[in-house]
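> what would the 3D arrangement of this be:
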Amino acid sequence: MVRTTSDLSDFKHWLETKEYAKSYIQTMMPYAKKYSYILDSGNLGDLDLLSDCKKAHAVKALTLLSKFRGNHTQFKAKMAEYGIKWRRPDSLELS
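This is a model prediction of the structure:
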């Protein structure tokens with residue numbers, strides 16, 4: 001879980017240093033904050049409760065957060081264990 005405002009600030013600063021677009025950072029931050037508990041608990045099954053669009057954003061945010069925290073390898077392994085794959089819904093599906 002992102003434990004403090006400082007953790008979120010550090011994560012946001014890290015994203016900025018990686019030169020992600022401001023709009024992308026603004027999209028990822030709420031998802032990282034809301035779903036960071038999934039990284040701590042390791043219960044990726046909660047992602048299946050989300051719509052395809054929200055799930056895609058949450059997975060992207062958690063991937064970035066896991067890279068920031070240095071546990072990306074474990075997160076990727078958990079994704080494989082749960083059978084979660086990157087799926088990018090096309091714009092017609094989002095309507």
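> what helices or strands is the helix or strand harbouring Phe68 leaning on?
Per DSSP states H and E: Phe68 is located in helix 52-69. Helix 52-69 makes packing contacts with helix 5-17, helix 22-41, helix 72-82, helix 91-94 when contacts are defined by 3 or more C-beta pairs under 8 Å, 6 or more residues apart in numbering; DSSP states H and E. Bear in mind the C-beta positions are built from the backbone N, C-alpha and C, glycine included.
> give me the angle between that helix and helix 22-41.
Here the directions of helix 52-69 and helix 22-41 differ by 80 degrees (axes from the mean of the first three to the mean of the last three C-alpha atoms, to 10 degrees).
> flag the shaky bits of this structure, pLDDT-wise.
Residues of the chain meeting the criterion pLDDT under 70: 1-5, 86-95.
> now with 80?
1-6, 85-95 (pLDDT under 80).
> residues of stretch 46-62 that come out buried?
47, 55-62 (16 or more other C-beta atoms under 10 Å).
> just stretch 66-74 next, same as before
In stretch 66-74, counting by 16+ other C-beta under 10 Å, buried: 66, 68-69.
> now do it: everything it contacts.
Under the criterion C-beta atoms under 8 Å, 6 or more residues apart in numbering, residues 10-11, 14-15, 39, 63, 75-76 lie in contact with stretch 66-74.
> of those residues, just say which sits nearest to Tyr31.
For the contacts of stretch 66-74, the closest approach to Tyr31 (C-beta to C-beta) belongs to Thr63, at 10.6 Å.
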